[in-house]
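J.: here is my input; please provide its structure:
(2 chains)
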Amino acid sequence: MKQFNSGPSISTYNKLSHWFDFSDPGTLKVYSGKIDIGQHISSTLALITSKITEIKYDQIEIIKLSTDISPNEGITASSLSVANSGSAIKAASIALKINFLNYALESLKIKNEDILFENGVIKDKNSNKTISYWDFAKTDDFRKIIIPENFDENSLKKINYENNQKIELKTINDIVTGKYKYVHDINFPKMLHARIVRPPSYHCKLIKINEDFKKRLVENDITLFVKGSFVAILSQDEFLVTKFLEIAKKNIFWEEKRQLSNENVFNSLEKHEKETLLVKSGGEAFYEEIPEKKSFDDPKIKSLSTSFKKSYLMHGPIGPSASCAIYKDKKFTIFSHSQSIFALKYSISKYFDIDPNLVTLKFMPGSGCYGHNGADDVAFEVSVIAKEYPDRHILLKWTREDEHSWEPYGSASLNKVFGAINDDGEVIYWSNEAYSDTYLSRPSDIELTNFTSYKFLTNNFTKTKSKPKTSAHMGIHRNLDPIYNFKETRLVKNLVHDLPLRTSALRTLGAFANVTASESFLNDLASIKNIDPFDIRINHLDDERAIDVLNNLKEKMEIFKPKDDSFRGIAFSRYKNSAAYCAVGVELNVTDDLEIKLNHAWITVDAGEIAYEDGIKAQVEGGFIQAASWALYEEVIFDSKEIISKDWDSYKIIGFDNIPVFTTSVIDQKGSSYLGVGEVVAGPTGAAISNALCNALGQRIKILPFTKDNITKELLN
Amino acid sequence: MSKVDCELNINGLSKKINIHNDKPLIYVIRDDFKLTGTKLGCGLEQCGSCAVIIDGEKKLSCNLLAIECEKKEIVTVEGLQIDSELNQVQEAFRKFNAAQCGFCTSGIIISITALFDKNKKPSSQEIQNALDGHLCRCGSHSVVLKAIDSLIEN
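T.: Below you'll find the model as predicted:
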């Protein structure tokens, strides 16, 4: 360990009390600004703390995020949970350990070799006198400690830890016994259950509610809430409210202000008004003139162009979004599984035009999804309802149809790729033009229209335009800049306006489409010159860690003999060109009926220092499975009136019947920064499947998902 | 909107309740018995998260009328433990940390428990059949399959 950077959170929260609470003897409570979304961040953070402080893992409790007590570490997204919160807590742990050791040695007047250190207690071998972290936490010395932004080699010498520890997840016992509580399971006395009565699509104004229906609601003690075109029904009886939701749909009438466009979305991506930015090496986007695409006349240079298309994808958590809120004494308390807990606090206070300190958001687990699903919308909606019925908890749950039809999807996208390779196998020119809607419409106090119900509450159905983000690897241009040292690149980001469906952040943002397109196209260029897929990549890389990951993958794949009639493909990416490295290999079969069966998946990942190895494996295997599902099955279907994909029959996702055998390898870079692994695998997975399929069919399929219909169309073309 | 008296036995506890005659079993489990381990994912019998065991058979509870379950033994995930000990399926899932968000997990544990209660050495096809209709969005499948495989090896 040469040097350790404490990460961005420490610049704001640099005292030990921001992270640690020793008020309960024998227990260390740890605060974090990140939430558990299935990645088990709380277990990983407890393990990091335990490794450094030598307090037992079981003695450490991670406090659920609450905006009144937790550090604001931004959104739980972008594979930054361990990179941010893990680094901060590791830094706090190092500062604590070093200062505690010094304090104990001085207080007990002993030397380092005279101590026994167990479960957070230091004992003098000679006198049996003890001193604990809990004693130390009561001192002024503890309160005065400022956590450094960097630790140098000397200060790290006292910190030794074993990095390959097996743990039981903090939550697992409650999960397997059904005791783990989600927002959906909240139950307060006299709580009202709410459901929203939705119109058929995004742009509908409320016209009329049948009077007879209103009477029936009163007779059944059900409350009707109407504000603008936002309609909800409430009852203490959850079943009754779900039953009346179906009746409500037939008794509430809407005027459609605007239809969804059912023009082919890939045509829309090319034709519609757009903002076009130049992406430069390093991944930032600029409002600059886009250079003309080059052409090559030299017969020794071979060029190729292709377009890759990806359909709209949904987050599709298994449990629809939910939130519970109470408005009491002019203050809101809101329970939410949003990944943007702090942004929600400020957005909701902005909507009500109140001091943000009057809004407290408390994290409660929800169903996993990895991205911006309905969680934020439902929290906003329940706060609107709770304001009207003070002093009572309101639990609002979205239905399956709500979640499928109203969540902000991952955008459909188009990548137009052009490249040239010379006789020496060098890629001398690489152009990639990405076309997509926004991936960035999470809650924001300056864009309340990001809440889907805002337009219904205000009856304002005017079109809004997203603004392109220009920071490195943000949104559409994430991983558009290839990591390889190609001689010349031309990278273009197109934020396309007036597309039919609502979109926002889905795991990896633009990286899934960009990496799938780039890593497929690189194979196509390599095949012109008969260059091995590993070689074309390694030949264009300087980064030793990237090369090690690819070599490791190659070794692991060679151990296994291919199954009969199977085909393999590989791909590689470094997430945002600055986070984790990941190489993926896939072996698959294609049935006579053009069904793709996944046999084996190899994943090699370098995510810096291993924080929790089994956690990394679970994340990358889970990420592979989700990305394989996108690549093989997923596509949001809609027409001019409504979303057609309202349930799991009309939006197929991967099942247990197509899960490959996994060989997953994690390269430990002990002492280096945590890089985060939640998203790195998705792009290479899409591309590795695409490359294996190309080998199987002898032809590149350029539209996702790789369904029988899409494959057939491409083969006929 | 008529209500009826009904007596249900869930996890060995019998309770008389007065419910709407079209109330699905899952609402009775969660509202009337306060057992929230059984999850409502779709209400359409498409995702498997509402699975329970009724008279030894796995059933989806989201569309099943509660009144049709009288005089039957209903077991939810909370009722799988024997003398406070995890059953073998729960124990395997615990040992392998076989869950991510966990929303789908109780339904899967129920299905696999129902399978192993009948057949200690199920074939891989029988395991696949038991898992058919269980959806997971986090991608916990690979670890779940390892946990199930460990049951056969043991």
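
J.: for residue 35, phi and psi?
T.: All of this is about chain A. phi -120, psi 160 (degrees, to the nearest 10).

J.: so who does residue 78 touch?
T.: I went with chain A, as the question did not name one. A:576, A:676, A:679 (CB atoms under 8 Å, 6 or more residues apart in numbering or on different chains). C-beta: built from backbone N, CA, C; applies to glycine.

J.: hm, I was asking about chain B
T.: Residue B:78 makes contact with A:177-179, B:11, B:35, B:37 under the criterion CB under 8 Å, 6+ apart.

J.: hey, where'd the helices end up in chain B?
T.: In order along the chain, chain B carries the following helices (DSSP state H): B:25-27, B:88-95, B:105-118, B:124-131, B:141-153.

J.: can those go into a markdown table with extra columns for distance to residue A:600 and mean pLDDT?
T.: Conversion of the helices of chain B to a markdown table gives the following (distance: least, CB to CB, whole Å; pLDDT from 0 to 100):
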| stretch | distance to residue A:600 | mean pLDDT |
| --- | --- | --- |
| helix B:25-27 | 38 | 98 |
| helix B:88-95 | 23 | 98 |
| helix B:105-118 | 23 | 98 |
| helix B:124-131 | 16 | 97 |
| helix B:141-153 | 12 | 95 |
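
J.: dump those to JSON lines, plus distance to residue A:583.
T.: Listed next are those as JSON lines, based on distance: least, CB to CB, whole Å:
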{"stretch": "helix B:25-27", "distance to residue A:583": "44"}
{"stretch": "helix B:88-95", "distance to residue A:583": "30"}
{"stretch": "helix B:105-118", "distance to residue A:583": "30"}
{"stretch": "helix B:124-131", "distance to residue A:583": "29"}
{"stretch": "helix B:141-153", "distance to residue A:583": "18"}
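
J.: and those helices as a markdown table, adding mean neighbour count?
T.: A markdown table is the format used below for those (neighbours: other CB atoms under 10 Å in any protein chain shown):
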| stretch | mean neighbour count |
| --- | --- |
| helix B:25-27 | 24 |
| helix B:88-95 | 22 |
| helix B:105-118 | 24 |
| helix B:124-131 | 16 |
| helix B:141-153 | 19 |
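
J.: so which of those helices is nearest residue A:660?
T.: The stretch from the helices of chain B with the least distance to residue A:660 (CB to CB) is helix B:141-153; that distance is 8.2 Å.

J.: near chain B, which residues of the stretch 101-250 of chain A? Just list them.
T.: Applying the criterion CB under 8 Å from any CB of the partner chain, the portion of the stretch 101-250 of chain A that neighbours chain B consists of A:168-169, A:171-173, A:175-182, A:184-185, A:187, A:220, A:237-240, A:242-243.

J.: which of these are buried?
T.: Neighbour-count burial (16 or more other CB atoms under 10 Å in any protein chain shown) is assigned, among those, to A:169, A:171-172, A:175-178, A:180, A:182, A:184-185, A:220, A:237-240, A:242-243.

J.: for the contacts of residue B:78, which one is nearest residue A:132?
T.: For residue A:132, the nearest member of these is residue A:179. The distance, counting by CB to CB, is 31.1 Å.

J.: and the residue of chain B closest to chain A?
T.: The minimum distance from chain B to chain A, using CB to the nearest CB, falls at residue B:37 (1.9 Å).

J.: now that residue: closest residue in space that isn't a chain neighbour?
T.: The shortest distance from residue B:37 to any residue other than its chain neighbours is 1.9 Å, reached at residue A:178 (CB to CB, 6 or more residues apart in numbering or on different chains).

J.: mind checking pLDDT for the one you found?
T.: Reported pLDDT at residue A:178 in the predicted model: 98.

J.: relative to residue B:139, how far out is residue A:685?
T.: 11 Å (CB to CB, to the nearest Å).

J.: identify the contacts common to those two.
T.: A:623-624.

J.: more neighbours: which of these two?
T.: Neighbour comparison, residue A:685 and residue B:139: the larger count goes to residue A:685, with 30 against 27 (by other CB atoms under 10 Å in any protein chain shown).

J.: for the more buried one, helix, strand, or coil?
T.: What DSSP: H, G, I helix; E, B strand; the rest coil gives for residue A:685 is helix.

J.: what sits against whatever residue of the stretch 51-200 of chain A ends up closest to chain B?
T.: Nearest residue of the stretch 51-200 of chain A to chain B (CB to the nearest CB) works out as residue A:178 at 1.9 Å. Contact analysis of residue A:178 by CB under 8 Å, 6+ apart lists B:35-38, B:76-78, B:106.

J.: from the residues you listed, which is closest to residue A:663?
T.: Minimum distance to residue A:663 across the contacts of residue A:178 is 29.7 Å, recorded for residue B:106 (CB to CB).

J.: how about CSV for the contacts of residue A:178, with distance to residue B:49 added?
T.: Putting the contacts of residue A:178 into CSV (distance: CB to CB, whole Å) gives the following:
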residue, distance to residue B:49
B:35, 14
B:36, 12
B:37, 10
B:38, 8
B:76, 12
B:77, 11
B:78, 15
B:106, 7
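
J.: which ones are touching the residue nearest to residue B:109 when sequence neighbours are not counted?
T.: Distances taken as CB to CB, 6+ apart put residue B:89 closest to residue B:109, at 5.3 Å, once the chain neighbours are dropped. With contact taken as CB under 8 Å, 6+ apart, residue B:89 is in contact with B:80, B:109, B:112-113, B:116, B:147-148, B:151.
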